[in-house]
Structure formats: C-alpha cells, structure tokens
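Student: here is my input; please provide its structure:
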Amino acid sequence: MRISFALVMLLASLPALATDCSDFFQRVSSGNIASLNAFENPQQCINVLSSNGKTAVYIATENDDPAMISWLVKRGADLNQRSRYDDINYTPFLMAGAKGKNKALVELLKHDINFELTNYYGGTALIPAAEKGYLETVKILVEDGRVDINHINNLGWTALMEVAVLGKDTESYQMIVKELLKHGADANIRDSQGVSALQHAKSRGLTNVAEILKKAG
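Tutor: A predicted model of the protein is given here:
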C-alpha cells in the first residue's frame, strides 16, 4: 500500500508519542523531583506527548504541583503547547483556569504564557473559571490582569455572561460577579442574540446576581 507524500509529511510534523518516556512521565506524575534529577537527559521527554496525549507540564498542572512545573520550565517545557488528551485544546494555563488548579496557576503566571491562545470554544482561562464558580481562580486571574476580562468566546459570551447563563445565585457566584465588575468587566456587552447578562440572570431567576448587575449597569 502506497502512502502519499502529504501524509508522510503530516505524520512527521506531529509531536512524537512518548512511548520511550513512560518512566519519565511516571516520575512527573508522582511529583518525584529527586528521581527526575537523576533521570538521564530529561530534555528528550520534556515536550513530547504521553500515550494519552499530555505533556509533562500538563500532567504537573493537573496535579496542581508548582514545584514540578518550575522544574520542567527550567529544562525547557513549552507552556503554550496544547495537549491532545481531549477535544478542548487546552494548554496547561487554559486547563489550570478551567479546572481551578490554583497553585499551578500562580506558578504558570510567573513564566512565558501566550494570553492570546484560547480553547476549542474560543475561551480564555477566565471564562470557564467564572462559569464553574471558582472564585479563588477568578481572583488570581483578574488581579494578575493579563487575561482580557471582556473577551468574547465562540458562543458570544464573556466571563460575566457565563455566570449569568450557566452559573448559580450562590454567594460564590455573586462574589465572582463583583470581582469581574471591580476589575473592568463590561456589564453592557450583549451576546450574539442581543441579550445582556442582566437579562439572562433575570430570566434564570438569579435574583442576587441580577441585582449586582443592575447596579453596575
């Protein structure tokens, strides 16, 4: 069976699966920096993908392990490389926001992050953090100030809009709305259907969230 030149070139361009780096990934996953210091030539495994499509720094971020992230970065880990673990196209930073990995997030923000990168839905690290009610994660990101607080994703929603559309009327969500507004979130942005965050909050019965948005508007 003949393989086309284009297919050969495509396969050559893909990151190698780290079938020969399984021990390295095990040590990263266990947080065992001492054993990694004894690992011969770790650079050969730093930016390859594990058998399930994750880089070492992605695994360290999942484990909320800032010390491991720091160790990997010093040895050349690419913080902007996307995983192929799922279809959401997370970088470690985007995943840290979406999953509330706060210790990892603080460490990642010390390094070279491309804040223009978005996930499959066109979202930043801040948007899913707000939607899922991760108050501390939201605080870390808005106080850092480098993520666009009014970024609009592919669904036409900002972080503030995500709370109104998908959040709850609990105290943590109310605090998230206040944090977003305090740091410059625009309550007057409307979605692709022309509906504001306030209108969404009212229609979903988020009484307290709606009251905060009303005062801001």
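
Student: just give me the neighbour total for the residue nearest to D191 when sequence neighbours are not counted.
Tutor: For D191, ignoring the flanking residues on the chain, the nearest one in space by Cβ to Cβ, 6 or more residues apart in numbering is G156 at 4.2 Å. Placement of C-beta: from N, CA and C, glycine included. When neighbours are defined as other Cβ atoms under 10 Å, G156 has 16 of them.

Student: now do the contacts for G156.
Tutor: With Cβ atoms under 8 Å, 6 or more residues apart in numbering as the criterion, the residues that contact G156 are D191, S192, Q193.

Student: and those, which are buried?
Tutor: By the neighbour-count criterion of 16 or more other Cβ atoms under 10 Å, these include these buried positions: D191.

Student: longest helix in this protein, by residue count?
Tutor: Secondary structure assigned by DSSP state H gives helix 171-182 as the longest helix of the chain.

Student: and it, what does it pack onto?
Tutor: With contacts taken as 3 or more Cβ pairs under 8 Å, 6 or more residues apart in numbering; DSSP states H and E, helix 171-182 sits against helix 135-144, helix 159-166, helix 207-216.

Student: now mean neighbour count too, for those, in a markdown table please.
Tutor: A markdown table is the format used below for those (neighbours: other Cβ atoms under 10 Å):
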| stretch | mean neighbour count |
| --- | --- |
| helix 135-144 | 20 |
| helix 159-166 | 26 |
| helix 207-216 | 18 |
